[in-house]
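Peer 1: Pasting the sequence and the predicted model now:
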Amino acid sequence: MGEWGEVGAILLSRFLIRRLLISLLLVLLVETIVFSLVHLLPGDPVMIILGSERTPDPKTVEAVRVKLGLDQPLPTQYVRWLGGLFQRDLGNSLVDGSPVWDTLAERLPRTLELVTVAMILATLIGVPLGILAALRWNRATDRILSLIGAIGISSPVYVVGTLLVLAFGVTWRLLPVAGYTPITDSWVEHIRRLTLPAITLALGPMAIITRMTRSSVLEVFHQDYVRTARAKGLRERIVVTRHMLSNALIPIVTVIGLQMGTLIGGSVLVEYIFNWPGLSTLLVTALGRRDYPIVQGVILTSASLFIVFNMIVDMLYGVLDPRVRYS
């Protein structure tokens with residue numbers, strides 16, 4: 001009860017309230033910036049919607065513009081969009097008229113699934129490799145893992161994805177290279193189609209987490225409490241997990257949280273290569289069509305998720321290190 005009571009106290013503290021208020025202000029700022037930048041994009045969405053090779057009739061153009069509300073001044077459009085946002089109404093697509101909220105609700109879980117699986121893979125592999133590199137500091141194992149980490153960080157996802165497609169899809173024919181199968185249709189086929197994009201997306205974060213874990217563990221490696229634990233005859237596993245890793249967690253948690261947010265917006269190429277129907281592919285299509293409501297909805301969702309992940313990291317700081325709550 002003591003530990004959980006401590007966690008409950010954190011959740012109700014001024015620390016959390018302050019972080020929540022800052023996050024809400026950031027979301028509002030992002031909303032304003034997104035709306036402004038989207039309307040600065042070149043091209044007229046009405047002309048794209050009409051899609052005529054010849055110049056359309058001006059009356060037709062004006063009628064479509066009035067119907068879509070694009071004839072109103074930008075401040076009026078912004079207030080109307082902001083009001084709808086508080087009512088969970090992000091408007092309708094300018095192209096097919098479908099509600100933006102429904103489209104995002106369909107695409108968002110797919111991107112979150114891809115990013116979450118990739119982050120789990122990166123963490124489960126990166127943290128142990130970082131600990132191993134630190135324990136074998138300045139030895140052959142450390143040098144090999146450092147080299148692998150450097151390659152992982154510097155390898156673009158489109159190169160990794162293409163190589164995986166050639167190896168597992170074309171040469172060995174072990175896994176499908178594109179497409180999406182709902183888990184309700186076949187969970188086996190769903191996992192098979194998720195494997196390659198998740199591995200591709202996980203490689204970069206895995207390398208970063210490995211290097212950060214190695215650096216953080218090395219910082220506490222020669223601390224007095226670690227030497228004392230070893231002098232008491234504790235097993236190396238207990239020394240590493242209870243004394244070293246627990247005190248090196250904050251930088252690792254920071255990297256994991258930031259990478260989780262970054263992957264939301266950085267999955268564009270991966271979704272495109274593997275034809276994964278998530279938010280990123282939706283954004284690319286909407287940009288080509290100048291579909292303002294879709295573009296605004298996708299960017300706002302991605303930015304909000306990034307802010308939420310950072311807020312969760314701040315809360316974990318308070319759990320891992322009580323001194324943070326009073327900063």
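Peer 2: Thanks, I have the structure now. Numbers count the residues shown, from 1 in each chain.
Peer 1: Which residue is the nearest non-sequential neighbour of residue 151?
Peer 2: residue 207 (7.5 Å; CB to CB, 6 or more residues apart in numbering). In this view, the C-beta of every residue, glycine as well, is placed from N, C-alpha and C.
Peer 1: can you pull the contacts of that neighbour?
Peer 2: Counting by CB atoms under 8 Å, 6 or more residues apart in numbering, residue 207 touches 126, 148-153.
Peer 1: Go again with 6 Å.
Peer 2: Neighbouring residues of residue 207 by CB atoms under 6 Å, 6 or more residues apart in numbering: 149, 152-153.
Peer 1: again, but for residue 296
Peer 2: 34, 38.
Peer 1: does it sit in a helix or strand, and which one?
Peer 2: helix 292-320 (DSSP states H and E).
Peer 1: go on, residue 105?
Peer 2: Assigned by DSSP H and E, residue 105 belongs to helix 100-135.
Peer 1: Could you do residue 62 as well?
Peer 2: Using DSSP H and E, residue 62 falls within helix 58-68.
Peer 1: Find me the pLDDT at the nearest residue to residue 30 once chain neighbours are set aside, would you?
Peer 2: Spatial nearest neighbour of residue 30, excluding adjacent residues (CB to CB, 6+ apart): residue 303 at 4.3 Å. Model confidence at residue 303, given as pLDDT, is 83.
Peer 1: now residue 303: how far from residue 28?
Peer 2: In this view, residue 303 and residue 28 are 11 Å apart by CB to CB, to the nearest Å.
Peer 1: quick one: low-confidence ranges for the stretch 201-327 of the chain?
Peer 2: For the stretch 201-327 of the chain, residues meeting the criterion pLDDT under 70 lie at 318, 321-327.
Peer 1: Helix 100-135 and the helix holding residue 296, what's the angle between them?
Peer 2: Using axes from the mean of the first three to the mean of the last three CA atoms, to 10 degrees, the direction of helix 292-320 lies 40 degrees away from that of helix 100-135.
Peer 1: which of the residues in helix 292-320 are buried?
Peer 2: Counting neighbours by 16 or more other CB atoms under 10 Å, one finds that the buried residues in helix 292-320 are 292-307, 309-311, 313-319.
Peer 1: relative to helix 58-68, how tilted is that helix?
Peer 2: Orientation check (the same axes, to 10 degrees): helix 292-320 against helix 58-68 gives 30 degrees.
Peer 1: Go ahead and measure how far helix 292-320 is from the middle of the chain.
Peer 2: In terms of CA atoms, centre = their mean, to the nearest Å, the centre of helix 292-320 is found 9 Å from the chain centre.
Peer 1: Then stretch 148-158?
Peer 2: Taking mean C-alpha positions (CA atoms, centre = their mean), stretch 148-158 and its chain are 18 Å apart.
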